[in-house]
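> Fold the following and give me the result.
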Amino acid sequence: MTELECLYAECESAFRQKWPDEKKPLVFGDGCNVCPPIMLIGEAPGEQETLQGRPFVGKAGKNLDAFLQLMGMERSAMYVSNVVKIRPVETGKTGRFRNRAPSRDEIAFFLPYLLSEIRIIQPKALVSLGNVPLKALLGDEATVGELHGTWQKTAEGVALFALYHPAAVIYRRELSAVYEQDVIRLRDSLTIETSK
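Reported below is the predicted structural model:
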């Protein structure tokens, strides 16, 4: 087993012990896992991600495709993951499950595994998508509204670029141009920032 596979197995085992009644599958990272130029980090898998066992497929995958097109990159050239490895759900008014924001408990449980994932993969830069990964990596005072389109450093000294979550652009069309400009800024500054 590789170091990454060992980490996933350890995470799965600890999760099943902590939440023994939870039957949801865990969805781990995907892509280039040896020093990729960037590692994209979202908040948690959704329905399609859980069904397919891969992050950023379905609607999120379409958003990722637009990001890749702007970046001029292939998905296989980067690593894609989430802070939380299970789909957080709640019951909607119709009685069906729907996505919800991850709880503090879920984030606190999975964060050490994310940090280990980053350490093993050694991406040249991290790209946080939305507030959940940004706060998980930089602290609760960090907000995407303030930091989007800028480079930061994690406590571990890894370069991090903050982006709005691509899904936010769907619900707030006024963010579309801002998001596009931020991705272009990321593309144009990536080499300079990661060579520092």
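> centre of the chain versus the helix or strand bottoming out on mean pLDDT in the chain, how much separation?
Scoring the helices and strands of the chain by mean pLDDT, DSSP states H and E places helix 166-171 at the bottom, with a mean of 77. Centroid separation between helix 166-171 and its chain, computed with C-alpha atoms, centre = their mean, to the nearest Å, is 15 Å.
> I'd like the next helix or strand past it.
Moving toward the C-terminus from helix 166-171, the next helix or strand (DSSP states H and E) is helix 176-194.
> now that next one: mean pLDDT?
For helix 176-194, the per-residue pLDDT values average out at 90.
> next one: stretch 14-24
91.
> Residues contacting that stretch, please?
26, 50, 85-87, 109 (C-beta atoms under 8 Å, 6 or more residues apart in numbering). For glycine as for every other residue, the C-beta is placed from the backbone atoms N, C-alpha and C.
> do that again at 6 Å, thanks
Ile86 (C-beta atoms under 6 Å, 6 or more residues apart in numbering).
> Would you mark the buried spots in that stretch?
Within stretch 14-24, the residues that count as buried by 16 or more other C-beta atoms under 10 Å are Phe15.
> could I have it exported to CSV, CA atoms only?
Taking C-alpha atoms only, stretch 14-24 is exported to CSV below (Å, rounded to 0.1, in the frame of the first residue of the first chain):
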residue,chain,number,x,y,z
ALA,A,14,-11.4,6.0,12.4
PHE,A,15,-14.6,7.3,10.7
ARG,A,16,-16.4,4.0,11.1
GLN,A,17,-15.3,3.8,14.8
LYS,A,18,-16.5,7.4,15.5
TRP,A,19,-19.8,7.1,13.6
PRO,A,20,-20.6,3.3,13.6
ASP,A,21,-24.2,3.8,12.4
GLU,A,22,-23.0,5.9,9.4
LYS,A,23,-23.1,3.9,6.2
LYS,A,24,-22.1,6.6,3.8
